[in-house]
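In: build me a model:
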Amino acid sequence: MAAQQEENLVSLKVMRLCRPSLVQQQPVPLPSEAVGMPSPGAASSIALTGWLTLPQSFGDIFLGETFSCYISLANVSGGELTQIALKVEVQTQVQRETLSAQIAPPAGNSTPEVDTLQAGQTLDRIIKYELKDVGVHILICSASFCDRDGERKFRKFFKFQVHNPLTMKSKTHPLGASEEILVETQLQNATSRILFLESVAFTPAGGFEVTPLTSLGAAAVDEPPIVLGGADPCAVLPVAHGDQRPTRTGDGRVVPPADPPRSGSVGLPAFGALAYLKPGDTQQHMYRLWPRPPTAVGARAPSALGRMDVLWRGAMGEAGHLQSSTVQRRAPPARALEISVLSSPASVPIQTPFTVSCAVTNTTGMARELSVRSSASASSLPIVATGSCSHRLAPLAPGATLYFSLAFLGIEPGVHTPAGVTLVDVHTGEATEIEPLAPVLVVEAE
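Out: I've put the predicted structure just below:
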């Protein structure tokens, strides 16, 4: 009852600020001999007009949009109200955040144009809030003021639902024994309207580099097309452009591949003219990731790979920014001996010896004594190990790293990966294959 009495003195109104939409009308067929009627033209074949209409309801709100609203606190009493205070908060399922706070100044330090409302005057605020959570949101407006009877307070609550505009499902695929990973992501429009994709990218975690594989090299899409009618575009499968694998130099540095061709200024993969998603439509994107050179020998690549980052717009240009949760890979189980390649030549002449520098880290709590052995069957491989079939390394303490080199000889031309070399524990006989070694191009001598 008290709150109703306070509302009789002031009026608090909240209006969502959003863009208008185009008016739709049902075309009415008319006989061509109708008297006094204009002849039907091309514009009569579509249901959209050139008129704009303001929203008649609160409408749908989507994750990643910026929620904007206009709040007006009006003095509808017949007298002056002082010590005006207005506080606006938003409460979600996980947090409560203050968006605006008009605090009444202390007595003796008043500014009439700020904290005093004459009869008929209003206190207006425009509130903007980036939506970061789905589910129920509550906008809480708290107002307080003083009249001749003393201080009065009241609150109003406005509830609205935030929906997810895009569903993103990601899968990871390790590439053989290498540290490279393919990330496959499907984007699906979960709304009942068309979404125009302005940018789709994968933001890698700190320990990875990335290159997109979803590129067709089709006609450039300079701007996202706004399609009001016509035939649907054909679906096209993504293919990779050229050799987009990272290369390793002779000193062990990893050189990222050249950027694939893009489809214009919008930064979209080239799906022809398809720069939008209809309701329920799905697009598939694929990215190749490879770890950056570790800062410490024996360090393992992190399991967190990165996030999908999507910029989208509605039919009237309203923008949204959406990020997926962190894409995780299933980390391979820790091994007692972590072996890494420090340097390997990219190409060697045939019948010319070359060396590969390696490091082994003891991850166990006991000292190890290791020997390097090459298997007898390795003699039939296109790249064979040279030197002694078995030689012993220095003792390896717990947590320590030992550096060693392997000598090979290329006997067949082509791209081959050295193999057939293992580390064997002298006491237990446990064998660990030295892999993956970098592929080497063996070329014919000039």
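In: give me the element the residue nearest to the spatial centre of the chain is part of.
Out: Nearest to the mean C-alpha position of the chain, by CA atoms, centre = their mean, lies M308 at 2.0 Å. Using DSSP states H and E, M308 sits in strand 304-313.
In: who's in contact with that strand?
Out: 64, 165-166, 168, 170, 172, 181, 183, 185, 187, 195-205, 208, 210, 224, 285, 289, 319-329 (CB atoms under 8 Å, 6 or more residues apart in numbering). The way it works is simple: take the backbone N, C-alpha and C, and place the C-beta from them, glycine included.
In: list the buried residues in that strand.
Out: 304-308, 310-313 (16 or more other CB atoms under 10 Å).
In: and what of stretch 173-186?
Out: Neighbour counts over stretch 173-186 (16+ other CB under 10 Å) mark 179-181, 183, 185 as buried.
In: list phi and psi for Q118.
Out: phi -80, psi 170 (degrees, to the nearest 10).
In: find the nearest non-adjacent residue to it, please.
Out: E80 (5.6 Å; CB to CB, 6 or more residues apart in numbering).
In: neighbours around the one you found, how many?
Out: E80 has 16 neighbours, counted by other CB atoms under 10 Å.
In: try E433
Out: If you count neighbours by other CB under 10 Å, E433 ends up with 14.
In: what's the closest non-adjacent residue to it?
Out: Spatial nearest neighbour of E433, excluding adjacent residues (CB to CB, 6+ apart): T422 at 5.0 Å.
In: re earlier: the strand holding M308 pairs with which strands?
Out: strand 195-204 (antiparallel), strand 319-323 (antiparallel), strand 327-328 (antiparallel) (DSSP bridges).
In: which one of these lies closest to Y403?
Out: strand 195-204 (29.2 Å; CB to CB).
In: residues of the helix or strand following the closest one that come out buried?
Out: Downstream of strand 195-204, the next assigned helix or strand under DSSP H and E is strand 208-212. By 16+ other CB under 10 Å, the buried positions in strand 208-212 come out as 208, 210-212.
In: quick one: the helices in the chain, in order.
Out: 2-7, 112-115 (DSSP state H).
In: worst average pLDDT in the ones you listed?
Out: Least confident of the helices of the chain, judged by mean pLDDT, is helix 112-115 with a mean of 53.
In: the residue lying closest to L197 once chain neighbours are set aside and V200, how far apart?
Out: With sequence-adjacent residues excluded and distances taken as CB to CB, 6+ apart, L197 is closest to W312, at 5.5 Å. Distance of W312 to V200, given as CB to CB, to the nearest Å: 9 Å.
In: M316 now?
Out: For M316, the distance to V200 - CB to CB - is 21 Å.
In: show me which of the two is the more surrounded one.
Out: V200 (21 against 12).
In: quick one: low-confidence parts of the stretch 51-200 of the chain?
Out: For the stretch 51-200 of the chain, the stretches with pLDDT under 70 are 56, 102-114, 176-178.
In: tell me where it has strands.
Out: Listed in chain order, the strands of the stretch 51-200 of the chain (DSSP state E, counting those that start in this stretch) span 61-62, 66-75, 82-91, 96-102, 122-130, 135-147, 150-163, 166-174, 181-189, 195-204.
In: for T352, which of those strands is the nearest?
Out: strand 166-174 (32.9 Å).
In: beta partners of G135?
Out: V162.
In: return the residues in contact with it.
Out: Neighbours of G135 in contact, by CB under 8 Å, 6+ apart: 92-93, 161-162.
In: which of these ranks first by neighbour count?
Out: Compared across the contacts of G135, V162 has the highest neighbour count, 20 neighbours, by other CB under 10 Å.
In: what distance do you get for that one to H137?
Out: Remark: distance between V162 and H137 (CB to CB) = 6 Å.
In: between those two, what contacts are shared?
Out: Taking CB under 8 Å, 6+ apart as the contact rule, V162 and H137 both touch L131.
In: circling back: out of the buried residues of stretch 173-186, the closest to T432 would be?
Out: E179 (17.1 Å).
In: who are the contact partners of the residue nearest to the closest one when sequence neighbours are not counted?
Out: Nearest residue to E179 in three dimensions, chain neighbours excluded: P291, at 4.9 Å (CB to CB, 6+ apart). The contact partners of P291, taken as CB under 8 Å, 6+ apart, are 179, 207-209, 301.
In: L12 too?
Out: 71-74, 141, 143, 154, 156.
In: and it, how far is that from N75?
Out: 11 Å.
In: now V442
Out: Counting by CB to CB, the separation of V442 from N75 is 88 Å.
In: next one: E65
Out: From E65 to N75 the distance is 33 Å (CB to CB).
In: and if you look at S374?
Out: Distance of S374 to N75, computed by CB to CB: 91 Å.
In: ditto for R148
Out: Plainly put, R148 is 13 Å away from N75 if you go by CB to CB.
In: what about the two, which has more around it?
Out: Neighbour tally, R148 and N75, criterion other CB under 10 Å: the higher count belongs to N75, 22 against 8.
In: can you count the residues close to the closest residue to that one other than its chain neighbours?
Out: For N75, ignoring the flanking residues on the chain, the nearest one in space by CB to CB, 6+ apart is L117 at 4.0 Å. When neighbours are defined as other CB under 10 Å, L117 has 23 of them.
In: check G280 too.
Out: Around G280 there are 10 other residues, counting by other CB under 10 Å.
In: does it touch Q188 like I think?
Out: Yes. Using CB atoms under 8 Å, G280 is in contact with Q188, at 7.1 Å.
In: excluding its backbone neighbours, what's nearest A419?
Out: Nearest one to A419, counting by CB to CB, 6+ apart, is L381 at 6.3 Å.
In: pull the number of nearby residues for that neighbour.
Out: Counted with other CB under 10 Å, the neighbours of L381 add up to 19.
In: return the distance of it relative to P439.
Out: Relative to P439, and taking CB to CB, L381 is found at 13 Å.
In: with F67 instead?
Out: Using CB to CB, we find F67 at a distance of 53 Å from P439.
In: who has more neighbours out of those two?
Out: F67 (20 against 16).
In: so the more buried one bridges to which residues?
Out: Using DSSP bridges, the bridge partners assigned to F67 are Y129.
In: same thing with I383?
Out: Where I383 sits in a bridge, its partners, by DSSP bridges, are G410.
In: which stretches in the stretch 201-350 of the chain count as strands?
Out: Going by DSSP E, counting those that start in this stretch, the stretch 201-350 of the chain shows strands at 208-212, 247-248, 254-255, 276-277, 282-291, 304-313, 319-323, 327-328, 337-343, 347-349.
In: make TSV from those and add mean pLDDT and distance to H427 to it.
Out: Shown next, in TSV, are the strands of the stretch 201-350 of the chain (pLDDT from 0 to 100; distance: least, CB to CB, whole Å):
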stretch	mean pLDDT	distance to H427
strand 208-212	89	38
strand 247-248	52	34
strand 254-255	51	36
strand 276-277	82	61
strand 282-291	88	33
strand 304-313	90	37
strand 319-323	89	51
strand 327-328	88	37
strand 337-343	83	14
strand 347-349	93	36
